[in-house]
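Novice: What would the 3D arrangement of this be:
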Amino acid sequence: MKPAELDRLDHALIQALMIDGRAPFSRLAEVLEVSDQTVVRRYRRMRTTGLVRVVGLPLGSRVGLLESWLRVQCAPDAALAVAGALARRPDIAWVQLASGGTEIHCMTKARSRRERDGLLLDKLPSTRRVTGISAHTILRTFVGGPLAWFGMDVLGPEQVAALAQPTAGQPASRERYVLDEAELALLAVLGQDGRAGYPELARASGLSESTARRRLERLRELGTLYFDVETVPGVLGYEAEATLLITAAPARLAEVGAALGTHPEVPFAAAVTGAANLLAVVVCRDRDALYTYLTERIGAVEGVRQVEVIPTLRNIKRAGMLVEGGRLVDPPPAP
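Specialist: Numbers count the residues shown, from 1 in each chain. Below you'll find the model as predicted:
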């Protein structure tokens, strides 16, 4: 199946899943005005071919994950190998090759300072052919995670409202939630398949099906667990992807971040530490659309002082899944 073969109904289904990744197929069919069988067939086709994956992920700020965005500079002949090694680490969720093939961007989700520092202070500095490392802590997310990307506009307002979850968005509390062993087991399954059935979740966690259901619903209500739809941007026709490092006036940081969060070209934006205080991922139809976005959208946001644009050359890992030939595949089991 080629990306070009995705039609309007496929795109509508993807957008519907972005709104509620665990919506029953019957509900999706009702909103999309097609049969249940059509929705099931379309979803299974896209998933089995590696074009789309629904995943259930913990919100790092709620469960104590230490999230950082790394820039790793390498010798030109070593970047791909280093990126592949980073992608095999379970504590790294995203890996991209950028900047002429000599720079790697990755997002770490360490469970402890020891785990994070082991990567930053020991593992990477001792890796041959790594020439530079900079780490930027994620301070506040403006769009991304539970705040779903709204770059797709296939569904009408009534369809979006029919699928919207009342608990979507930022959690009511920012206090840390401690996951127990059963919940960690649930998340391990949902991280590979966000639409896993309750019998599978019950077997993995050792809970009854009814208890597994209640636990999942409670985690969603608390803002600890959210569901995301992962795909490679080219599958949806977005051929130009870039990372923006934006320097905003400190007094305008929140305002600029909020503005980025309203841009349909931006699936992720966050305040970060470092010389630049905002990080944004941008996806556009082509380079001309990217130019238009930079000059007309970013250029119109008051408070922006400087922008560094870093084109993405290749996606290596997305939301914990490897990218091979433009398709999402499961990573090998951790050793």
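Novice: Only C-alpha atoms from now on, for both contacts and neighbour counts.
Specialist: Fine.
Novice: Least confident secondary structure element in the protein?
Specialist: helix 113-117 (a mean of 80; mean pLDDT, DSSP states H and E).
Novice: The stretch 101-250 of the chain: helices as residue ranges?
Specialist: Per DSSP state H, counting those that start in this stretch, the stretch 101-250 of the chain carries helices over the ranges 113-117, 157-163, 181-190, 198-205, 209-221.
Novice: Name the surrounding residues that touch the least confident helix or strand of the chain.
Specialist: 66, 108, 110 (Cα atoms under 8 Å, 6 or more residues apart in numbering).
Novice: Could you count how many residues lie near the last one?
Specialist: By the other Cα atoms under 10 Å criterion, the neighbourhood of Ala110 contains 22 residues.
Novice: Now do it against Val54, distance only.
Specialist: Distance from Ala110 to Val54, counting by Cα to Cα, to the nearest Å: 22 Å.
Novice: And the second one, by the same measure?
Specialist: As judged by Cα to Cα, Thr108 and Val54 stand 20 Å apart.
Novice: in the stretch 201-335 of the chain, which segments are predicted with low confidence?
Specialist: 333-335 (pLDDT under 70).
Novice: For Arg318, which of the helices of the stretch 101-250 of the chain is the nearest?
Specialist: Minimum separation from Arg318 across the helices of the stretch 101-250 of the chain (Cα to Cα) falls at helix 181-190, 15.0 Å.
Novice: ok, and what's touching the closest one?
Specialist: 55-58, 196, 201, 204-207, 212, 215-216.
Novice: Also stretch 135-143?
Specialist: Contacts of stretch 135-143 (Cα under 8 Å, 6+ apart): 67-71, 149, 257-258, 260-261, 266-274.
Novice: Among those residues, which lie within strands?
Specialist: 67-71, 268-272 (DSSP state E).
Novice: and which of the residues you listed is nearest to Ala23?
Specialist: Nearest to Ala23 among these, with distances taken as Cα to Cα, is Phe268, at 23.1 Å.
Novice: Count the residues that sit near the nearest residue to the closest one once chain neighbours are set aside.
Specialist: Spatial nearest neighbour of Phe268, excluding adjacent residues (Cα to Cα, 6 or more residues apart in numbering): Gly144 at 4.6 Å. The number of residues packed near Gly144 is 18, by other Cα under 10 Å.
Novice: Same check on Arg318?
Specialist: 21.
Novice: Okay, strands next: where are they in the protein?
Specialist: 53-58, 66-74, 92-98, 103-110, 130-143, 225-230, 240-248, 268-272, 278-284, 304-318, 321-324, 327-329.
Novice: Can I get these in CSV including distance to Asp153?
Specialist: Formatted as CSV, the strands of the chain follow (distance: least, Cα to Cα, whole Å):
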stretch, distance to Asp153
strand 53-58, 19
strand 66-74, 29
strand 92-98, 25
strand 103-110, 28
strand 130-143, 17
strand 225-230, 15
strand 240-248, 18
strand 268-272, 17
strand 278-284, 14
strand 304-318, 23
strand 321-324, 25
strand 327-329, 23
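Novice: Ok, which of these comes nearest Ala162?
Specialist: Of the strands of the chain, nearest to Ala162 by Cα to Cα is strand 225-230, at 17.0 Å.
Novice: Contacts for that closest one next, please.
Specialist: Applying Cα under 8 Å, 6+ apart, the set of residues contacting strand 225-230 is 14, 17-18, 20-22, 52-59, 145-146, 148, 194, 216, 219-220, 318-319.
Novice: Put the buried members of those residues into a PyMOL selection.
Specialist: Burial among the contacts of strand 225-230 is assessed by 16 or more other Cα atoms under 10 Å; the matching PyMOL selection reads:
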select buried, resi 14+17+18+20+21+22+52+53+54+55+56+57+58+59+145+146+148+194+216+219+220+318+319
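Novice: can the contacts of helix 181-190 go into a markdown table with extra columns for distance to Gly237?
Specialist: As requested, these are arranged in a markdown table below (distance: Cα to Cα, whole Å):
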| residue | distance to Gly237 |
| --- | --- |
| Val55 | 21 |
| Gly56 | 24 |
| Leu57 | 25 |
| Pro58 | 28 |
| Ala196 | 28 |
| Leu201 | 34 |
| Ala204 | 37 |
| Ser205 | 38 |
| Gly206 | 42 |
| Leu207 | 42 |
| Ala212 | 37 |
| Arg215 | 37 |
| Leu216 | 33 |
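Novice: Can you tell me which of those is nearest Arg314?
Specialist: Val55 (21.4 Å).
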